[in-house]
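J.: My questions are about this predicted structure, shown below with the sequence.
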There are 4 protein chains.
Amino acid sequence: MLSELKSEILHEVILRRPDDSHKGNFGRVLLIGGNIQYGGAILMATQATVGSGAGLTTVATDLINLTALRSRTPEAMFVDWRNDEQLTTAIQTNDVILIGPGLGTDEFATQLVRKVLASVNKDQILIADGSALTVMAENNLTFPRDTFTVATPHQMEWARLSGVQLNYQDNHQLNEVQRQILNLDVLVLKQHHTLIYTETEQKQLQIGGAYQATGGMGDVLAGIVAGFAGQFKANATKAVEAAVYAHSAIAQEMAGHSYVVKPTFIADSLPNYMARIQSNL
Amino acid sequence: MLSELKSEILHEVILRRPDDSHKGNFGRVLLIGGNIQYGGAILMATQATVGSGAGLTTVATDLINLTALRSRTPEAMFVDWRNDEQLTTAIQTNDVILIGPGLGTDEFATQLVRKVLASVNKDQILIADGSALTVMAENNLTFPRDTFTVATPHQMEWARLSGVQLNYQDNHQLNEVQRQILNLDVLVLKQHHTLIYTETEQKQLQIGGAYQATGGMGDVLAGIVAGFAGQFKANATKAVEAAVYAHSAIAQEMAGHSYVVKPTFIADSLPNYMARIQSNL
Amino acid sequence: MLSELKSEILHEVILRRPDDSHKGNFGRVLLIGGNIQYGGAILMATQATVGSGAGLTTVATDLINLTALRSRTPEAMFVDWRNDEQLTTAIQTNDVILIGPGLGTDEFATQLVRKVLASVNKDQILIADGSALTVMAENNLTFPRDTFTVATPHQMEWARLSGVQLNYQDNHQLNEVQRQILNLDVLVLKQHHTLIYTETEQKQLQIGGAYQATGGMGDVLAGIVAGFAGQFKANATKAVEAAVYAHSAIAQEMAGHSYVVKPTFIADSLPNYMARIQSNL
Amino acid sequence: MLSELKSEILHEVILRRPDDSHKGNFGRVLLIGGNIQYGGAILMATQATVGSGAGLTTVATDLINLTALRSRTPEAMFVDWRNDEQLTTAIQTNDVILIGPGLGTDEFATQLVRKVLASVNKDQILIADGSALTVMAENNLTFPRDTFTVATPHQMEWARLSGVQLNYQDNHQLNEVQRQILNLDVLVLKQHHTLIYTETEQKQLQIGGAYQATGGMGDVLAGIVAGFAGQFKANATKAVEAAVYAHSAIAQEMAGHSYVVKPTFIADSLPNYMARIQSNL
């Protein structure tokens, strides 16, 4: 049964932070992506992760993106993704790993996806987005069984990954593929009204609109999902749902004064939006 | 007959986006330009294209501009213009191609102009600006017959391209040169009150002013033209007219509190301005 | 005896500047830090030092950080930290030296820490933060006896440096280690309610909160401490106290509309906050 | 006789732009400066020149500053100052040349100063600031006799250049050195209340304050002087006076809400401030 994803999820998830906490309590998040051609995607995801309040954010990307990353979001730490030792350490020591924004699909990207899928452990959360999903589909890769996993495909990416054309899918079959074959815990299927398939529920977002139809929108969503998963990891499924809701709720609010809502606007608005949720304003 | 380009064009063109649409519906726009000396021009054009709501924006420029591009406008994707394979793919797969801002007029720039003129097809829209027009004039190049083409010259650039000194031109002759010789569908002749020559009409902008007389103003106009052509391609001529009108209307509005209107101000104001048009505010 | 650090410290320290003064009167501040992995830290510290009103700010960092530094804070001058001659001059000619943000702990970082500890003189103020403290702990280094010194460790950094586990420390012992062994004049011990140990007093901050628990928060604090020490050096201890207070007071004010307070927000708010303090608003 | 420089100068100079004008009417301004260590200075000057409304702004600087320049101020064009051919062309084709911000005093800087002093012609305006003045003093260089020249030294720079210790100067002697020996048309002597010595008058600024005492303040002043000289060149002396006045008037206005006024704040406020002057608001 498909139920509506409602704003209550925000109030369940975005709570006042406990007083005696430190940045380690709010998640160590590693973002992997950004080749020379699509590097802006990882920059936008990072901006969203930092804006969402992640405790510590590290970006593993191509060296060519370093200066732009640092110019935009100095809060993030950097790992050269060709430095295997540093990358391995980063994969081992972060709580949440997002792979995909601007990653590309070449041989090196494939290596990275394989490495991450093989390395994550049961205490981590893995989020796969964009080209990471294409790489998985092309190489028949599945998610690791013991790690909590999230995927955020567009419809076409999902069709490739699941091997089922959307028009021929029913929810039951979809759920079976997601769980039995791909080992995927939460599927965020991006479309006009985004769907979220969890183990027990199928929810649909009723907000958002065509003002979001612009490049980078999904990268910011992925960054928020990662940031929320790091911060609110006690209930990772709800954290993902809240991230999806907040992303479109902010966009909808902005659409009143923005014909197109630039993805980076959303990233920058997170602290204020979340403060209002916390205070019930 | 010269008629006035009026604000109604905005309301005809900038309509509410259909609900069930995705970024592919709002145009894939490729911008080509930006050498080491004039690279800021392509950055400003990109900012305008993204701000105007283009679905997906790609920039083919010199590698030296990559970091500044990404620092300013991470929404845009990048193609190294010396990577012939990637550039060819980009030219083939985008709906709208703008060539010119900060391109320069050297041998390599000439190659690029020739390549684009030879490659575009009947389903694409080609916009030529700035040094691309100088290159065309110097090499006696004309626009491809089957593609919808737009040029946005200053008066001197147009004199060079058309081979007719402005003082000696009459509208009839101008139109003949534009259409019979150059194969140009829409001429945007930038001057104090900009002129737009389409197949059937000659319109003049009555707004705007000397607060726009600063470097980069034309680059932002070119970027808006490209963004509107991508988004509102059902009627490309009207899209161009709306772009020209919006550019000066925003500038005029800003002139109340800006002695000189910085081109990047206009680019950043597009989402808000367009939202107000859409809502009739 | 532990007393509360109160807002009065701001009004004691942040006074109207004397009319006939020039930038030399407000301190020459040198910041040393920022390797390839953690370079954002020195950028955030710099932004805070400049925002706090330091007269002249110079940053000695890895060349890879230059463009991001200049893009964000052109007010700061640059020294390539591998240029030993320039670095030596910079250490000799600045009034305040902050070492640590994003410095790392490798061999080169160790060399830099040793060089600074050996070079500073009695007329300078030395502030050690972050990895500089880890380097000192690993190499059993102590502060120079004749220089006014400040350290801004997290609790774990302090445990490593002092050799005393926090749970087993009493204030008396702490004070003894700080003064007799480490030669440290002011200890800013960052925790939920930050402690400041000076020669004569132990004060605790009662403001601030978990909205500050995000990466970079300490770097901005270090930058403010450096900026205040440079500007208000007549009473360096009070300058440090005011810096600590202002940092959390700004964060607390922002927390009303920011779920997480981005460190760079604080840096950017300094001029306005300090103007209000000066005017008793 | 020393008279007060009053706000009337702004209204005399900052007039509504004539309708039928283009960017060429508002000056082609070339800024030369910015080595690796002090490159931020030329970036701040550029931001001020562009903000002040110069028609076309070109920056000749070290290649290492290109990306930061373009990230901050894409409106400016770039010349690699080691490309002698391009630099020569730039010197020949611009109306106003500012040399000095962040230039340094090494052998290469000296070459550049000599080249500029030897190349400018009677139709150009030359402004020398910062290290360009130190280079001139060290090499006993004087200004070209036929070019309208402006210098903007601090007191110490002026003492070095004029060879007269300030304490021993009287106005008459100062004027003689300035005119008879140095061939300098306008001296802007930066101090608590800045002095302006022109051929016929000696004026003193009575506004501004210690909130301006921070690094980069003079670079922004130099940039405004260049921008005003380009735009309002009909009366270059008055243009310089208006620039000096506007710089401190903006700072003074900002000081109400900024303890220290960041130089880049002033640069960014120019369009709005000038619009208010033009409208008598």
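T.: Happy to help now that I have it. Fair warning: this is a prediction, and the values are worked out from it, not measured in the lab.
J.: Enumerate residues external to stretch A:149-168 that contact any of its residues.
T.: For stretch A:149-168, contacts defined as Cβ atoms under 8 Å, 6 or more residues apart in numbering or on different chains pick out A:100, A:125-130, A:133-134, A:136-138, A:143, A:169, A:173-174, A:177-178, A:181-191, A:218, A:221-222, A:225, A:229, A:236, A:240, B:22. (Each C-beta comes from the backbone N, C-alpha and C, glycine too.)
J.: Return the set of buried residues in it.
T.: Under the neighbour-count criterion of 16 or more other Cβ atoms under 10 Å in any protein chain shown, stretch A:149-168 has A:149-154, A:157-162, A:164 buried.
J.: Give me the distance between residue A:50 and residue C:59.
T.: Residue A:50 sits 22 Å away from residue C:59, taking Cβ to Cβ, to the nearest Å as the criterion.
J.: returning to that earlier point: now, which of the contacts of stretch A:149-168 lie within strands?
T.: A:125-129, A:186-189 (DSSP state E).
J.: interface residues of the stretch 1-150 of chain A facing chain B?
T.: A:36-41, A:43-44, A:47, A:64-65, A:67-68, A:71-72 (Cβ under 8 Å from any Cβ of the partner chain).
J.: try 10 Å this time
T.: A:34-47, A:64-72, A:102 (Cβ under 10 Å from any Cβ of the partner chain).
J.: quick one, what contacts the residue positioned nearest the centre of chain A?
T.: With distances taken as Cα atoms, centre = their mean, the residue of chain A nearest its centroid is residue A:222 (2.5 Å). Each residue near residue A:222 by Cβ atoms under 10 Å, 6 or more residues apart in numbering or on different chains is listed here: A:31, A:33, A:41-42, A:44-45, A:48-49, A:98-101, A:127-130, A:132, A:150, A:152, A:188, A:190, A:243, A:247.
J.: per-residue confidence at it?
T.: The model reports residue A:222 with a pLDDT of 98.
J.: Going by distance to residue D:197, which of the ones in strands among the contacts of stretch A:149-168 wins?
T.: Nearest to residue D:197 among the ones in strands among the contacts of stretch A:149-168 is residue A:129, at 64.1 Å by Cβ to Cβ.
J.: So that closest one versus chain B, what's the distance?
T.: Here the criterion is Cβ to the nearest Cβ, to the nearest Å. By it, residue A:129 lies 15 Å from chain B.
J.: before we move on, the earlier item: for the buried residues of stretch A:149-168, which one is nearest chain D?
T.: residue A:152 (29.9 Å; Cβ to the nearest Cβ).
J.: Distance check, that closest one against residue C:177.
T.: 51 Å.
J.: same question, residue A:20
T.: Distance from residue A:20 to residue C:177, by Cβ to Cβ: 25 Å.
J.: of those two, who's got more company?
T.: residue C:177 (18 against 12; other Cβ atoms under 10 Å in any protein chain shown).
J.: pLDDT at the nearest residue to the more buried one once chain neighbours are set aside, what is it?
T.: Spatial nearest neighbour of residue C:177, excluding adjacent residues (Cβ to Cβ, 6 or more residues apart in numbering or on different chains): residue C:162 at 4.7 Å. The model reports residue C:162 with a pLDDT of 90.
J.: returning to what we had before: can you flag the buried ones in the contacts of stretch A:149-168?
T.: A:100, A:125-130, A:133-134, A:136-137, A:143, A:174, A:177-178, A:182, A:184-190, A:218, A:221-222, A:225, A:229, A:236, A:240, B:22.
J.: Residue A:44 contacts residue A:223, doesn't it?
T.: Yes - judged on Cβ atoms under 10 Å, residue A:44 makes contact with residue A:223 at a distance of 6.8 Å.
J.: quick one: which of these two has more around it?
T.: Using other Cβ under 10 Å as the criterion, residue A:44 and residue A:223 rank with residue A:223 on top: 36 against 31.
J.: Does that one touch residue A:129 like I think?
T.: Yes - Residue A:223 lies in contact with residue A:129 (Cβ under 10 Å); the separation is 9.1 Å.
J.: Would you mind listing what in the stretch 1-150 of chain A touches chain D?
T.: Residues of the stretch 1-150 of chain A lying near chain D (Cβ under 10 Å from any Cβ): A:67-68, A:71-72.
J.: now with 8 Å?
T.: For the stretch 1-150 of chain A, the residues in contact with chain D (Cβ under 8 Å from any Cβ) are A:67, A:71.
J.: now the helices: where do they sit in the stretch 1-150 of chain A?
T.: Assigned by DSSP state H, counting those that start in this stretch, the helices in the stretch 1-150 of chain A fall at A:8-13, A:40-51, A:66-72, A:84-93, A:107-119, A:131-138.
J.: Listing request: residues of chain A with sub-threshold pLDDT.
T.: Scanning chain A for pLDDT under 70 picks out A:166-173.
J.: Go again with 80.
T.: The model of chain A has pLDDT under 80 over residues A:1, A:164-176, A:179, A:281.
J.: In it, which helix is the longest?
T.: helix A:236-255 (DSSP state H).
J.: anything in that one sitting right up against chain C?
T.: No - on the criterion Cβ under 8 Å from any Cβ, helix A:236-255 is out of touch with chain C, staying 10.6 Å away.
J.: Test my guess that residue A:262 contacts residue B:271.
T.: Yes - using Cβ atoms under 8 Å, residue A:262 is in contact with residue B:271, at 6.6 Å.
J.: For chain D, what's its nearest residue on the stretch 101-250 of chain A.
T.: Using Cβ to the nearest Cβ, residue A:216 is the residue of the stretch 101-250 of chain A that sits closest to chain D, at 18.3 Å.
J.: surely that residue meets residue B:74?
T.: Yes - the pair residue A:216 and residue B:74 qualifies as a contact (Cβ under 8 Å) at a distance of 6.7 Å.
J.: Return the set of residues that bridge with residue A:125.
T.: residue A:96, residue A:148 (DSSP bridges).
J.: Residues in contact with both of residue A:223 and residue A:129, list them for me.
T.: In contact with both residue A:223 and residue A:129: A:45, A:98, A:101, using Cβ under 8 Å, 6+ apart.
J.: residues near the closest residue to residue A:206 other than its chain neighbours, how many?
T.: Distances taken as Cβ to Cβ, 6+ apart place residue A:4 nearest to residue A:206, at 5.5 Å, with adjacent residues excluded. Counted by other Cβ under 10 Å, the residues lying close to residue A:4 total 10.
J.: and residue A:4, bridged to which residues?
T.: Here residue A:4 sits in beta bridges with residue A:204, going by DSSP bridges.
J.: residue contacts, it?
T.: So residue A:4 contacts A:203-204, A:206 (Cβ under 8 Å, 6+ apart).
J.: and the residues you listed, which are buried?
T.: residue A:203.
J.: ok, so of the contacts of residue A:4, who is nearest chain B?
T.: residue A:206 (11.6 Å).
J.: residues in contact with residue A:275?
T.: A:281, C:255-259.
J.: need these in JSON lines with distance to chain B, can you?
T.: As requested, the contacts of residue A:275 are exported to JSON lines (distance: Cβ to the nearest Cβ, whole Å):
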{"residue": "A:281", "distance to chain B": "23"}
{"residue": "C:255", "distance to chain B": "28"}
{"residue": "C:256", "distance to chain B": "26"}
{"residue": "C:257", "distance to chain B": "21"}
{"residue": "C:258", "distance to chain B": "22"}
{"residue": "C:259", "distance to chain B": "23"}
